[in-house]
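1. Sharing a model that was predicted from the sequence below.
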Amino acid sequence: LLGLRLFPTHLSFQKLMGKDEVQEEIEERFNGDISAMCDIVKANLVLKNEAQVKAVVSGLLATGKVLVFRNGFALPTFSGVREAQMKVVVDGFVCDVKIHLLSLLAHNNSGLEEHYNFFC
């Protein structure tokens, strides 16, 4: 991963959004501006320790292809979810990348995210 010899505990890609779903979101959220769409591709990366998280975040930031970075480890959501979130350009697409720490993942999946999403 990034030439750093890191072996994630888990790497997953969420199902790609369907063409109709993408078109609807572009029209409803972005007034038809496709360039504003930035989460057709979503990836979740689970790492074993803080050193790996730091190495991956630093490596991605060093590429110059990160448009947005939110350090949710330092500033968790009000529901307590701690993860790094990035918008990364890959082959011309803006991808949503979430980086999780294995030891915090159980708390992140405690069901509070559903409540958070309700209010956001």
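-> Looks like it came in fine.

2. quick one: the helices in this protein?
-> 19-30, 50-62, 102-108, 112-119 (DSSP state H).

3. For residue 95, which of those helices is the nearest?
-> With C-beta to C-beta as the measure, helix 50-62 is the member of the helices of the chain nearest residue 95 (10.8 Å). Bear in mind the C-beta positions are built from the backbone N, C-alpha and C, glycine included.

4. Mean confidence (pLDDT) on that closest one, please.
-> Regarding helix 50-62, the rounded mean pLDDT is 90.

5. and it, which residues are buried?
-> Using 16 or more other C-beta atoms under 10 Å as the test for burial, helix 50-62 gives 52-53, 55-57, 60.

6. Where does pLDDT dip in this structure?
-> Within the chain, the stretches with pLDDT under 70 are 1-16, 39, 76, 78-80, 105-120.

7. quick one, longest strand in it?
-> What stands out as the longest strand in the chain, according to DSSP state E, is strand 93-101.

8. In contact with residue 32, which residues?
-> residue 26 (C-beta atoms under 8 Å, 6 or more residues apart in numbering).

9. What distance do you get for it to residue 23?
-> 9 Å (C-beta to C-beta, to the nearest Å).

10. about what we covered before: can I get the buried residues of helix 50-62 in a markdown table with distance to residue 67?
-> Conversion of these to a markdown table gives the following (distance: C-beta to C-beta, whole Å):
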| residue | distance to residue 67 |
| --- | --- |
| 52 | 23 |
| 53 | 20 |
| 55 | 20 |
| 56 | 17 |
| 57 | 14 |
| 60 | 11 |
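
11. Can you tell me which helices and strands the longest strand of the chain packs against?
-> strand 41-47, helix 50-62, strand 84-90 (3 or more C-beta pairs under 8 Å, 6 or more residues apart in numbering; DSSP states H and E).

12. one more time with 10 Å
-> strand 10-13, strand 41-47, helix 50-62, strand 66-71, strand 84-90, helix 102-108 (3 or more C-beta pairs under 10 Å, 6 or more residues apart in numbering; DSSP states H and E).
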